[in-house]
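Peer 1: Model the following, please.
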Amino acid sequence: MEDYFGYDVSYHINITDVDDKIILRARQEYLYKKWYTNTFEGDKDKVKTTVLADTKAALTKKTEKLGASRAKLSIELPSDAGKRDIDERAAAIKGQDLKEGQLDSLKNAVKKLTAAGDMAGLAAACAGELGELVDSKEGHLVSDHEIFNKHSRKFELAYLTDMEALGVRPPDVMTRVTEYIVEIVAFVNTIVEKGLAYSSNGSVYLSIDAFKAAGHTYRKLKPFVGDTSDADMAEGEGAIGSEATDKKNKNDFALWKASKPGEPSWESPWGSGRPGWHIECSVIASDILGPNLDVHAGGVDLKFPHHDNELAQSEAFFGHNQWVNYFFHAGHLDIKGLKMSKSLKNFITIQQALEKHSARQIRLMFLLQPWDKGMNFSDQTMADAKAKEAQFRNFFGNIKAIISATTPSGSPSWLTDRVGWRQSGDKDLMLAFNKCTDAVHQALCNNFDTPTVIHLLIALVKDVNNYLAAFGTTPAVDLIRKCALYVTKILRLFGMIDNDAMGFPLAASSGGEDVLKPFLDTFRDFRQEVRSVMRGCKDIKQGSSAVMAECDKVRDEALPKLGVRLEDLSDGTTRWKLDDPQVLISEIEGRKAAAAAAQAEKRVKELERAVKKLADMTAASVPPSMVFEGNSEFGSLSADGLPVTMKNGDAVNKSQAKKYKKQQDKQVKDHDKFLAETKTAGVSPEELLATYAKKVSDLRSN
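Peer 2: Numbering: from 1, shown residues only. I've put the predicted structure just below:
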């Protein structure tokens, strides 16, 4: 929005550092560590007894919990259930299946660890379940704010580190909920004073009835007639939400929650409590950006209850009917068909993803999918992203090579001949470029359609490549540079390029000798190898082959590790490009694997041919007069070895005799050919067959 459309953007993100899930997780993590320390301080037998007993209790508790949720899901929906209820049930069943499968895997791991006597490993494997177990007993005793803050700060830092690693632009303003408690209390109190919220048992709720009576609309983002579902209410109130009996209306939601034992609390006019989940966003965003927001972003799952509740409480506070002008709701990230979430334990961390893929590849994978639809992270989507990255990288390398090529005198090579615009392809490419830029603009205006933009850029890359294939000796260099700079501009806009140069940047280096040393070492070693080879060669042909082998070796083994790609062109010249060493090494390993597979296939086919040859030679070694000998199909043979009678005593008829004579004549030819081969080889028939048999044996052993 800033770099392409030119908007002045004030970008604010808020860190939720206190809510039900954070409270539970912080408490469970703290209590598990405390349990672990206390347990493993005892003697060995006591440690084993405690770990086995507590892990058994924790797994039993988890099994019972899943059993209860399975029983609830087994209740059939009403015959008139709507699509919303049907979809929610289907998603819940898939999640239930995943959780049960994970529990089965955990139980199998527990059996193995128990059998091995690995108590530390057993405790670690069941850390989450043990944390829940201990929390159910001692959670109400945890009250130190620092415990909750420490947990939040850990993941806050992890988030910021991950965003930096992915190249995500930092915000202009970052805030924390716990630093806005005073403002939150004042905000809630204003809504109460307006008669749009009420206190009950130390909590404060927005009254949906009063809110509507004041002329406001509730549930703008996900309109729905009727009561809020239990699933929606659980999502809105949190894992340790307020009692429904506190409310005047089931649909009312908490602005301020009375804190229970084991929860952080702050003083307020209604007693000790903490912010409701939704209120923080309204208070802090309004403080930073004012009474109206142009754009509010978040996941599609936040439409209701979170964003609808934000709208309601903000409109109640300001007395207007539109707090946000536009919402950007991003699609879910799916893993194997389920939304990635911590509760399902089907998540992949950013750091884990970066171990296998670069930040640029991950970003491109997302760009290839609509931002407001469900996104899929899989081997297939990452392979597609890597393939397109390679197309862009090779394109930039080719253009740079053409531009940077020089004559022996040092002048640009492309200036020595025609500079373009006198051949049909020049104007065709310019038209393709203009068409591409127009289409890219339309796509970006159409809901930030990045998949279409990427495909348009790939199409432009192909147009340039086709142009170079046809007019590569006299290209319009200024035009292809323009194309490459435009592709660079759009990819930079998408965060795939972080410098001002053309194409993908190379890895940073400290410069000076550190830069030159590996290259100089490589060519020093290459020169030494060539000198050594030539000194040891006694004829020119042998030396030429050895030098060519060394040239290939430096191209395929030495330079790729330094990020240098050498390409031998059809005209006998060589072009160099700078690239990511890991990419080059990966390509080489891929070619080696493909060559090994091809060689293995070649050996299989060679073995098949050798086996067939041995069988043919074995058959051909039989003299024609003995070709039917020993065949139980016949009763008697003539002096020259042809069948006279069949097994049942019937004479061979004319048709059969003709058939058998034809077979014997073929054997005569095959046998003569076999004998001729033995004569040529200067060996006996037995020795020739032994040679073929050995070849088959050798191929099988390899």
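
Peer 1: which of the residues in stretch 271-286 are buried?
Peer 2: Under the neighbour-count criterion of 16 or more other C-beta atoms under 10 Å, stretch 271-286 has 273-286 buried. In this view, the C-beta of every residue, glycine as well, is placed from N, C-alpha and C.

Peer 1: Could you report the neighbour count for Leu364?
Peer 2: 26 (other C-beta atoms under 10 Å).

Peer 1: Hmm, Met496 and it touching each other?
Peer 2: Yes - between Leu364 and Met496 there is a contact at 6.4 Å, judged by C-beta atoms under 8 Å.

Peer 1: What are the boundaries of the helices in the stretch 601-702 of the chain?
Peer 2: With DSSP state H, counting those that start in this stretch, the ranges of helices along the stretch 601-702 of the chain come out as 654-681, 685-701.

Peer 1: mean confidence score for the last one?
Peer 2: For helix 685-701, mean pLDDT is 89.

Peer 1: With the first one instead?
Peer 2: Along helix 654-681, the predicted confidence averages to a pLDDT of 92.

Peer 1: tell me the least confident of the buried residues of stretch 271-286?
Peer 2: Lowest confidence among those: Trp277, with 87.

Peer 1: now it: how far from Phe253?
Peer 2: Per C-beta to C-beta, to the nearest Å, Trp277 is found 9 Å from Phe253.

Peer 1: try Gln582
Peer 2: Gln582 is 50 Å from Phe253, by C-beta to C-beta.

Peer 1: More neighbours: which of those two?
Peer 2: Using other C-beta under 10 Å, the more surrounded residue of Gln582 and Phe253 is Phe253, with 28 against 13.

Peer 1: hey, what's that one bridged with?
Peer 2: Beta-bridge pairing for Phe253 (DSSP bridges): Leu206.

Peer 1: how near is it to Val204?
Peer 2: 10 Å.

Peer 1: Give the residues shared as contacts by the two.
Peer 2: By C-beta atoms under 8 Å, 6 or more residues apart in numbering, Phe253 and Val204 have these common neighbours: Gly276.

Peer 1: quick one on the thing from earlier: next, format the buried residues of stretch 271-286 as CSV and append distance to Lys56.
Peer 2: Shown next, in CSV, are the buried residues of stretch 271-286 (distance: C-beta to C-beta, whole Å):
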residue, distance to Lys56
Gly273, 38
Arg274, 35
Pro275, 38
Gly276, 38
Trp277, 35
His278, 40
Ile279, 42
Glu280, 40
Cys281, 43
Ser282, 46
Val283, 46
Ile284, 45
Ala285, 48
Ser286, 51
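
Peer 1: what about the helices of the stretch 601-702 of the chain, which gets the closest to Trp414?
Peer 2: Trp414 lies closest to helix 685-701 among the helices of the stretch 601-702 of the chain, at 53.1 Å (C-beta to C-beta).

Peer 1: List of residues touching the closest one?
Peer 2: In this structure, residues lying in contact with helix 685-701 by C-beta under 8 Å, 6+ apart are 603, 606-607, 610-611, 613-614, 617-618, 621, 674-675, 677-678, 681, 683.

Peer 1: let's see it at 6 Å
Peer 2: 607, 610-611, 613-614, 617, 621, 678, 681 (C-beta atoms under 6 Å, 6 or more residues apart in numbering).

Peer 1: do the same with stretch 656-671
Peer 2: Taking C-beta under 6 Å, 6+ apart as the rule, stretch 656-671 contacts 620, 624, 627, 642-643.

Peer 1: where's the dip in pLDDT among those residues?
Peer 2: Val627 (88).

Peer 1: how many other residues sit next to the residue lying closest to Asn499 once chain neighbours are set aside?
Peer 2: Here the nearest residue to Asn499 in space, its sequence neighbours aside, is Pro505; by C-beta to C-beta, 6 or more residues apart in numbering that works out to 4.6 Å. Residues near Pro505, counting by other C-beta under 10 Å, number 13.

Peer 1: And for Asp672?
Peer 2: Each residue near Asp672 was counted by other C-beta under 10 Å, and the total is 12.

Peer 1: Can you tell me how far it is from Ala620?
Peer 2: 9 Å.

Peer 1: what about Val192, neighbour count?
Peer 2: Neighbour tally, Val192, other C-beta under 10 Å: 20.

Peer 1: Now for it: which residues touch it?
Peer 2: No contacts exist for Val192 under C-beta under 6 Å, 6+ apart.

Peer 1: What lies in contact with stretch 264-280?
Peer 2: 19, 145, 148, 177, 181, 184-185, 199, 202, 204, 238, 254-259, 306, 309-310.

Peer 1: My guess is Arg27 contacts Leu141. True?
Peer 2: No - using C-beta atoms under 6 Å, Arg27 makes no contact with Leu141, being 9.5 Å away.

Peer 1: Neighbour count for these two, which is higher?
Peer 2: Shown here are Arg27 and Leu141; by other C-beta under 10 Å, Arg27 has more neighbours (26 against 10).

Peer 1: Secondary structure of the more buried one: a strand, I assume?
Peer 2: No - assessed with DSSP: H, G, I helix; E, B strand; the rest coil, Arg27 is helix; it does not lie in a strand.

Peer 1: Now do the same contact list for it.
Peer 2: 135, 139, 142.

Peer 1: Is it possible to mark the buried ones in those residues?
Peer 2: When neighbours are counted using 16+ other C-beta under 10 Å, the contacts of Arg27 contain these buried positions: 135, 139, 142.

Peer 1: can you put those in JSON lines and add pLDDT and distance to Phe526?
Peer 2: Shown next, in JSON lines, are those (pLDDT from 0 to 100; distance: C-beta to C-beta, whole Å):
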{"residue": "Asp135", "pLDDT": "97", "distance to Phe526": "65"}
{"residue": "Gly139", "pLDDT": "97", "distance to Phe526": "67"}
{"residue": "Val142", "pLDDT": "96", "distance to Phe526": "66"}
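
Peer 1: Closest to Asn108 out of those?
Peer 2: Nearest to Asn108 among the buried ones among the contacts of Arg27: Asp135, at 25.1 Å, using C-beta to C-beta.

Peer 1: That closest one falls within a helix, correct?
Peer 2: Yes - counting by three-state DSSP, Asp135 is found in a helix.

Peer 1: hmm, back to that, which one of the helices of the stretch 601-702 of the chain lies closest to Ser404?
Peer 2: helix 685-701 (49.6 Å).

Peer 1: roughly how far out does that closest one sit from the chain middle?
Peer 2: 51 Å (C-alpha atoms, centre = their mean, to the nearest Å).

Peer 1: likewise stretch 24-40?
Peer 2: On C-alpha atoms, centre = their mean, the centre of stretch 24-40 falls 33 Å from the chain's centre.

Peer 1: go on, stretch 146-157?
Peer 2: 28 Å.

Peer 1: same deal with stretch 38-54?
Peer 2: 41 Å.

Peer 1: Can you dump the C-alpha atoms of that stretch in PDB for me?
Peer 2: Extracted in PDB, the C-alpha atoms of stretch 38-54 (Å, rounded to 0.1, in the frame of the first residue of the first chain):
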ATOM      1  CA  ASN A  38      11.000 -31.400  42.700                       C
ATOM      2  CA  THR A  39      10.500 -34.900  41.300                       C
ATOM      3  CA  PHE A  40      14.000 -35.400  40.000                       C
ATOM      4  CA  GLU A  41      15.600 -34.100  43.200                       C
ATOM      5  CA  GLY A  42      14.500 -37.400  44.900                       C
ATOM      6  CA  ASP A  43      16.200 -40.800  44.900                       C
ATOM      7  CA  LYS A  44      16.000 -42.900  41.800                       C
ATOM      8  CA  ASP A  45      13.200 -45.200  43.000                       C
ATOM      9  CA  LYS A  46      11.100 -42.300  44.100                       C
ATOM     10  CA  VAL A  47      11.600 -40.500  40.800                       C
ATOM     11  CA  LYS A  48      10.500 -43.600  38.900                       C
ATOM     12  CA  THR A  49       7.400 -44.100  41.100                       C
ATOM     13  CA  THR A  50       6.400 -40.400  40.900                       C
ATOM     14  CA  VAL A  51       6.900 -40.100  37.100                       C
ATOM     15  CA  LEU A  52       5.100 -43.400  36.300                       C
ATOM     16  CA  ALA A  53       2.100 -42.500  38.600                       C
ATOM     17  CA  ASP A  54       1.800 -38.900  37.300                       C
END
